[in-house]
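**Q** Attaching a predicted model along with its sequence, questions to come.
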Amino acid sequence: MTLSGVELRRISMPLVAPFRTSFGTETVRDVLLVRVVTDAAEGWGECVAMSGAGYSPEYTDGAADVLRRFLIPALARARRSDGPAVAPALSAVKGHRMAKAALETAVLDAELRAEGRSLARELGATRDRVACGVSVGIMDSIPALLDVVADYLDEGYARIKLKIEPGWDVAPVRAVRERFGDDVLLQVDANTAYSPADAPHLARLDPFGLLLIEQPFDEEDLLAHAGLAGMLTTPVCLDESITSARTAAAAIRLSACAVVNIKPGRVGGFLEARRIHDLCVSHGVPVWCGGMLETGLGRAANLALAALPGFTLPGDTSASGRYFDADITAPFVLRDGHLDVPAGPGIGVMPDPARLDAVTTWTEWIAL
Ligand SMILES: CC(=O)N[C@@H](Cc1ccc2ccccc2c1)C(=O)O
Ligand SMILES: [Mg+2]
């Protein structure tokens, strides 16, 4: 497969409602898409970086710049251009895993489309649909939160995740438990908002039978998470800390986490995500697929990953309508709390040209 060029395309997708977390409030998803054109097919990748560097050091403008100046030229110089050859070709560039993941996914998508193979099959998926959870932002009040949770449960979501931060943690969790009972699968995500000194306060979440508490502390503080794990009955899950199979292995060895949230964009791509899955399965560590408010392109690829056997917990692969009134692909619609895994070649979906044009703010063609 010969690469002829790469398109960088910036799109702006308004969210159906503001999404507030401990690191800020988003009202628009500012997305960088990568389209790779080859002699055999074209492929799409979605960069999960946000406009700002609140979740990780990467941000959308930076991802476009590192792709244009370093990653795409490195790929052009590589002799091979199949999916597994991308990460080695980009290895001289440190970090920038979200930018790398978008480029690798686009190449993988093109390669699989050309060969008529689905990403799900390529990764080793064992299911054709996956149970879906939903991530609920920090709200202005407990009643507002309960209304939103009630709607999501009515829609059929298999699991509720509540964003928490100091001042919004025990009360919302208690309110959800009191209103919806103990059988609802419930977990919380702090996005690094707490410090180790907050451990006794976080222990107050133990009575509520949470599936897990996600990333309470700084992403570099594995030892603090290991300490917390020794104090809580609630399993600790890591998200921002897990940037590769190596850091996953370290976190497991240090008992810093009992569950892992795998996000292909955060770890550099779907091939590294599968390596992390395999590592966690070998250690008996359950994993689930995290979300970065992807469009249908990233959502389709995430569903292929979430169908692997070790993904035993519902992920944040919510329906398109959770975030967008109109997706750039055919919308993913929840059915009995599940989403179908795309079965077509590659990631199995394509953007609708008219929808794509309607949300495009900028596009750049880089010939190779
Ligand atoms: C679904 C979920 O909670 N995702 C992230 C946080 C997050 C929150 C808000 C975002 C806004 C724009 C882009 C990415 C974002 C990621 C998480 O698990 O920690
Ligand atoms: Mg998280």
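**A** Nice, thanks for sending it over. Ligands and ions are numbered 1, 2, ... in the order given.

**Q** Would you state the strands of the stretch 1-150 of the chain in chain order?
**A** Secondary structure of the stretch 1-150 of the chain, counting by DSSP state E, counting those that start in this stretch: strands at 3-21, 24-38, 42-47, 129-131, 133-136.

**Q** what's the average pLDDT for stretch 225-237?
**A** On average, the pLDDT along stretch 225-237 is 98.

**Q** ok, back up a step: in TSV: the strands of the stretch 1-150 of the chain, plus mean neighbour count, mean pLDDT and distance to ligand 1.
**A** Where C-beta positions appear, they are placed from N, C-alpha and C, glycine not excepted. Shown next, in TSV, are the strands of the stretch 1-150 of the chain (neighbours: other C-beta atoms under 10 Å; pLDDT from 0 to 100; distance: least, C-beta to the nearest ligand atom, whole Å):
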stretch	mean neighbour count	mean pLDDT	distance to ligand 1
strand 3-21	17	98	5
strand 24-38	20	98	4
strand 42-47	27	98	11
strand 129-131	21	98	15
strand 133-136	24	98	4
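
**Q** Distance of residue 363 relative to ligand 2?
**A** Distance, residue 363 to ligand 2, using C-beta to the ion, to the nearest Å: 30 Å.

**Q** Just list whatever residues bridge to the closest residue to that residue other than its chain neighbours.
**A** Leaving aside its chain neighbours, residue 363 sits nearest to residue 9 (4.5 Å; criterion: C-beta to C-beta, 6 or more residues apart in numbering). In this entry, residue 9 is beta-bridged to residue 33, residue 363, by DSSP bridges.

**Q** okay but residue 9 is in contact with residue 360, surely?
**A** Yes - taking C-beta atoms under 8 Å as the definition, residue 9 is a contact partner of residue 360 at 6.0 Å.

**Q** Kindly report the residues of the protein close to ligand 1.
**A** The chain has residues 19, 21, 26, 29, 50, 55, 135, 189, 191, 239, 290-293, 316 near ligand 1, with proximity defined as C-beta under 6 Å from any ligand atom.

**Q** go again using 5 Å as the cut-off
**A** When proximity is defined as C-beta under 5 Å from any ligand atom, the chain approaches ligand 1 at 21, 26, 50, 135, 290, 291, 292, 293, 316.

**Q** what's the closest of those to residue 4?
**A** Nearest to residue 4 among the residues of the chain next to ligand 1 is residue 292, at 28.9 Å by C-beta to C-beta.

**Q** packing partners for the host helix or strand of residue 249?
**A** Taking DSSP states H and E as the definition, residue 249 sits inside helix 245-253. Contacts defined by 3 or more C-beta pairs under 8 Å, 6 or more residues apart in numbering; DSSP states H and E place helix 245-253 against helix 222-229, helix 270-282.

**Q** Now render those as TSV, adding mean neighbour count and distance to residue 59.
**A** Shown next, in TSV, are the helices and strands packed on helix 245-253 (neighbours: other C-beta atoms under 10 Å; distance: least, C-beta to C-beta, whole Å):
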stretch	mean neighbour count	distance to residue 59
helix 222-229	19	24
helix 270-282	20	21
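
**Q** Quick one: closest of the ones you listed to ligand 2.
**A** Of all the helices and strands packed on helix 245-253, helix 222-229 sits nearest to ligand 2, with 13.2 Å by C-beta to the ion.

**Q** ok, and what's touching the closest one?
**A** Applying C-beta atoms under 8 Å, 6 or more residues apart in numbering, the set of residues contacting helix 222-229 from outside is 196, 199, 202, 216-218, 235-236, 238, 241, 250-251, 254-258.

**Q** Buried residues of stretch 92-110, list them for me.
**A** For stretch 92-110, burial by neighbour count (16 or more other C-beta atoms under 10 Å) applies to 96-110.

**Q** Kindly export it (C-alpha atoms) in CSV.
**A** Once non-C-alpha atoms are left out, stretch 92-110 reads as follows in CSV (Å, rounded to 0.1, in the frame of the first residue of the first chain):
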residue,chain,number,x,y,z
ALA,A,92,11.7,9.0,17.1
VAL,A,93,9.1,11.5,18.1
LYS,A,94,8.6,11.5,21.9
GLY,A,95,5.0,11.4,23.3
HIS,A,96,2.1,12.9,21.3
ARG,A,97,0.3,9.6,21.6
MET,A,98,-3.1,11.1,20.6
ALA,A,99,-1.7,12.5,17.4
LYS,A,100,0.2,9.2,16.7
ALA,A,101,-3.0,7.2,17.4
ALA,A,102,-5.0,9.2,14.9
LEU,A,103,-2.4,8.6,12.1
GLU,A,104,-2.0,4.9,12.9
THR,A,105,-5.8,4.4,12.9
ALA,A,106,-6.1,6.1,9.5
VAL,A,107,-3.4,3.9,8.0
LEU,A,108,-4.9,0.8,9.7
ASP,A,109,-8.4,1.7,8.4
ALA,A,110,-7.1,2.2,4.8
